[in-house]
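Q: mind looking at a prediction? Sequence and model below.
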Amino acid sequence: MGAIQKEPTPKPAWGYIRQLKSGAYQARYPHPQLGSEILVTLGTYRTWKAANQALQTEHAKVILHVWEPSTASKIRFGQFYGEQYLPHVRLTLKPRTVEGYESAAKRHLLPYFEHLPLHELDPLHELDKMRWRIDVWENGRY
């Protein structure tokens with residue numbers, strides 16, 4: 001007699017759904033302005049189907065250009081950097097690399113973007129400036 005096999009959970013067409021230990025389903029999706037590395041948690045739902053429907057609704061807003069960040073995602077760049085980005089980087093990169101990133105951020109990013117709400121960053125303009133500043137720092141032209 002073999003173990004009972006669980007049916008594979010279908011993959012949503014957009015975003016991510018994971019089952020929590022409680023049995024509920026959490027829906028997350030890539031931030032439309034900040035890219036696929038930043039996931040926005042949409043909510044927790046009793047069923048996979050409900051989570052998927054919420055993701056589909058949010059995806060439609062993104063496609064129609066009517067998506068707006070939630071109040072929770074209106075944090076400032078400095079807060080995001082200190083509370084979310086740095087802890088992630090410290091867990092995934094070598095200490096010397098983290099030191100370099102922190103130095104670059106303090107010198108080139110935080111003075112300009114620290115008080116700017118993330119939802120106000122124009123990805124085509126502000127993030128290009130940030131990338132340019134990082135590139136300048138990494139190539140020693142500062």
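A: Yes, it's here.

Q: show me how the record splits this protein into domains.
A: By the assignment in automatic domain parsing, the chain contains the domains 16-69, 77-138.

Q: can you pull out the helices in this protein?
A: All helices of the chain, identified by DSSP state H, fall at 48-63, 77-80, 86-92, 95-104, 110-113, 126-138.

Q: look at the residue nearest to Ile38 when sequence neighbours are not counted and report its pLDDT.
A: The shortest distance from Ile38 to any non-neighbouring residue, by Cβ to Cβ, 6 or more residues apart in numbering, is to His31 (4.1 Å). C-beta: built from backbone N, CA, C; applies to glycine. Here the pLDDT value assigned to His31 is 81.

Q: and what of Val40?
A: 81.

Q: what's around it, how many residues?
A: Around Val40 there are 19 other residues, counting by other Cβ atoms under 10 Å.

Q: got it, and Thr41?
A: 13.

Q: where in this structure is pLDDT low?
A: 1-9, 70-74, 119, 121-142 (pLDDT under 70).

Q: just want the most central residue of it.
A: Nearest residue to the geometric centre of the chain (Cα atoms, centre = their mean): Ile38, 1.2 Å.

Q: hmm, that residue is touching Pro30, no?
A: Yes. Counting by Cβ atoms under 8 Å, Ile38 touches Pro30, with 7.0 Å between them.

Q: returning to that earlier point: how near is the residue nearest to Ile38 to Glu58?
A: 11 Å (Cβ to Cβ, to the nearest Å).

Q: and what of Leu93?
A: From Leu93 to Glu58 the distance is 31 Å (Cβ to Cβ).

Q: next one: Lys106
A: On the measure of Cβ to Cβ, Lys106 and Glu58 end up 34 Å apart.

Q: got it, and Leu110?
A: 30 Å.

Q: quick check: Tyr16 touching Tyr29?
A: Yes. Using Cβ under 8 Å, Tyr16 is in contact with Tyr29, at 7.0 Å.

Q: listing partners with orientation, what would you give for the longest strand seen in the chain?
A: Longest strand in the chain, counting residues (DSSP state E): strand 35-45. Here strand 35-45 has these sheet partners by DSSP bridges: strand 25-31 (antiparallel).
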